[in-house]
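Colleague: Predicted structure and sequence below. I'll ask about it afterward.
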Amino acid sequence: MSTPFFSIPHPSRLLLGLVAALLLLLGAAACTSQRGDRGFGNGPLSDGERSEVRRQIRRLAAAKTMRENPEDEVRYEEAKRALEGRGSTIQGILLEELAASSDWGVRYGIVNVLSSVGTQRMVEPLIHVLDDTEPQVAWMAMVVLQVVCDHRIPDPASTDERFPPFVGDESDLDLNERNWRNWHAMHGRQLRDAWQKWWDENQHRLRIE
């Protein structure tokens, strides 16, 4: 029996199912003209709480090996839930670590956490990692941006061979991952630049609820 797609937790296997998962997770977090006030900074955290948040962030590194190691999967999920439970009060720390971490598992996990606790402040930092050295991090950031901004770059209907849309194939996930890596190697910087241009033109009229 084949393994159900959503039961495969490793980041490399989320290239297709992640869109649907995030649509459920971010249901109300679309870019609109209004938003709820969820906070934009670190919030009133004590030094001890900040240290604990950073410790949990470091545990997200288990994303790299959680498919092969069930203990790492547990470690990753526990850290992710602990961070999500703090809400947007930790957004500032998450964004600092996203920019500073050299561990792609940590960066991947941070983007995953931001998908449920982030506010509008996360958009530009997510754009910055669209050409991340690890394509799986870039994929996660792209999907979050697509969902919260209700926008697709490139346009799925585009026929521009210089910047073609990525077309996934759910029937072969390994091939899908290889194709994404190849696409990202060629077009990752274009993806980042195109999103940045769009955001520069639209950020003042769009808000994340």
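Modeller: Now that the structure is in, tell me what you want to look at.
Colleague: Name the next helix or strand downstream of the lowest-mean-pLDDT helix or strand in the chain, please.
Modeller: Every helix and strand of the chain was ranked by mean pLDDT, DSSP states H and E. The lowest is strand 31-32, at a mean of 44. Per DSSP states H and E, the first helix or strand lying C-terminal to strand 31-32 is helix 47-59.
Colleague: May I have that following helix as CSV, with CA atoms only?
Modeller: C-alpha atoms of helix 47-59 as CSV (Å, rounded to 0.1, in the frame of the first residue of the first chain):
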residue,chain,number,x,y,z
ASP,A,47,14.6,37.2,29.0
GLY,A,48,13.9,33.7,30.1
GLU,A,49,11.0,33.4,27.6
ARG,A,50,13.2,34.8,24.8
SER,A,51,15.8,32.2,25.6
GLU,A,52,13.2,29.4,25.5
VAL,A,53,11.8,30.6,22.2
ARG,A,54,15.3,30.6,20.7
ARG,A,55,15.8,27.1,22.1
GLN,A,56,12.6,25.8,20.4
ILE,A,57,13.6,27.5,17.2
ARG,A,58,16.9,25.6,17.2
ARG,A,59,15.0,22.4,17.6
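Colleague: Can I get the helix or strand that that helix is followed by in PDB, CA atoms only?
Modeller: Using DSSP H and E, the next helix or strand after helix 47-59 towards the C-terminus is helix 70-84. Provided in PDB are the C-alpha atoms of helix 70-84 (Å, rounded to 0.1, in the frame of the first residue of the first chain):
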ATOM      1  CA  PRO A  70      10.800   9.300  13.900                       C
ATOM      2  CA  GLU A  71      12.300  10.900  17.000                       C
ATOM      3  CA  ASP A  72      13.300  13.900  14.900                       C
ATOM      4  CA  GLU A  73       9.700  14.200  13.600                       C
ATOM      5  CA  VAL A  74       8.500  14.300  17.200                       C
ATOM      6  CA  ARG A  75      11.100  16.800  18.100                       C
ATOM      7  CA  TYR A  76      10.200  19.000  15.200                       C
ATOM      8  CA  GLU A  77       6.400  18.900  15.800                       C
ATOM      9  CA  GLU A  78       6.800  19.600  19.500                       C
ATOM     10  CA  ALA A  79       8.900  22.600  18.800                       C
ATOM     11  CA  LYS A  80       6.600  23.900  16.100                       C
ATOM     12  CA  ARG A  81       3.500  23.500  18.300                       C
ATOM     13  CA  ALA A  82       5.300  25.200  21.200                       C
ATOM     14  CA  LEU A  83       6.200  28.200  19.000                       C
ATOM     15  CA  GLU A  84       2.800  28.400  17.400                       C
END
